[in-house]
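>>> need coordinates for the below:
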Amino acid sequence: MRNMTIARYDFLVQEIYKGKITTDTLKVYTGIGGGDCGVRFQIGKKYIIYGENETYFRHINSNFKFPKEKNAFWTYNCLRTTTYYQNEITEIEKFAQKQKRKIPDK
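Next up is the predicted model:
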């Protein structure tokens, strides 16, 4: 993976389940193939995106300067990023409700 190629996709945010987004548009970076576990997004499809603030390439090529911006995330296959489907949303909402119950009132 000496010559890594990354792609940036811009998404219109419809719902946020975790994290802080300060705009209605989200930048999502991912690899584009060759064993890098990148996600190939298709224009016009809805997605459920699981993201991280840091690139998953950080341990592979530490001398390459990857973009790090506000309202930008990295995703790859192992994070469960997938096309939109209701069963996944239902599971996310269940998990979010459990987390709210675990937080003690102040």
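>>> quick one: contacts of stretch 39-57?
1, 4, 6-7, 9, 11, 14, 19, 26, 28-33, 36-37, 64, 66, 68, 73-77, 79-85, 88-89, 92 (C-beta atoms under 8 Å, 6 or more residues apart in numbering). (Glycine included, C-beta is placed from N, CA and C.)
>>> now, which of these lie within helices?
Glu88, Ile89, Ile92 (DSSP state H).
>>> ok, the last one touching Ile16?
Just to be clear, that refers to Ile92. No - if you go by C-beta atoms under 8 Å, Ile92 and Ile16 don't touch, sitting 10.7 Å apart.
>>> okay, these two: which has more neighbours?
Taking other C-beta atoms under 10 Å, Ile92 and Ile16 do not tie; Ile92 has more neighbours (16 against 9).
>>> grab the nearest non-local neighbour of the more buried one.
Tyr17 (5.1 Å; C-beta to C-beta, 6 or more residues apart in numbering).
>>> quick check: the one you found vs Gly44, distance?
22 Å (C-beta to C-beta, to the nearest Å).
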